[in-house]
Structure formats: structure tokens, C-alpha cells
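Visitor: coordinates for the following, if possible.
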Amino acid sequence: MGADIVLIDHIREFNRFYTNVLGLLNQHYLSDFSLTEARILFDLSDLGCCTANALSSRLNIDKSYMSRIIKRFEKKDW
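Guide: Prediction:
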């Protein structure tokens, strides 16, 4: 099971790197969420609870941008 988690982490790291390189993070393709917002929501559901700083570091997202996104989520009562 541990090897599966390591593999999944590597795949997610690869995907994050290339979505950033290709400039896809702020695009709204198939939903009302940008890829960045979707990643944040996914990681929040995956981690349970964490700090904005920890999430910002984990996802390699600017802290002020993370703060603005979280404020929007809070405003929508998510």
C-alpha cells in the first residue's frame, strides 16, 4: 500500500508541475472552478483540516492568492 501512495504522490506532483507550466491553473474548463480552486478543494477534503500556510506550501501556491481563494470559499459557506 505504501508504494501506491508514493506513486500517486509522484503522479500528482507531475500533474501539478505541468498544469502550471502550461498555464492551465486559472482556466475554467468544465466547471465553475479553476484548476487551482479544484486542487485546493480536493486537498482540503483529502487532508481534513490544515492551515492555509500548510496548504499553500503543499500546493506551491502564493500565500496571498491562497488567502483570497479561501475567503471566497468562506463567503460561499464552503
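
Visitor: next up, the contacts around the closest residue to residue 60 other than its chain neighbours.
Guide: Among residues not flanking residue 60 along the chain, residue 16 sits closest, at 7.0 Å (Cβ to Cβ, 6 or more residues apart in numbering). Quick note: C-beta positions are derived from backbone N, CA and C, even for glycine. Applying Cβ atoms under 8 Å, 6 or more residues apart in numbering to residue 16 gives the contacts 39, 59-60.

Visitor: buried only: go through the residues you listed for me.
Guide: Buried by 16 or more other Cβ atoms under 10 Å: 39, 59, out of those.

Visitor: and residue 75, how far from residue 67?
Guide: Between residue 75 and residue 67 the computed distance is 13 Å (Cβ to Cβ, to the nearest Å).

Visitor: looking at the two, which is more packed in?
Guide: Using other Cβ atoms under 10 Å, the more surrounded residue of residue 75 and residue 67 is residue 67, with 14 against 8.
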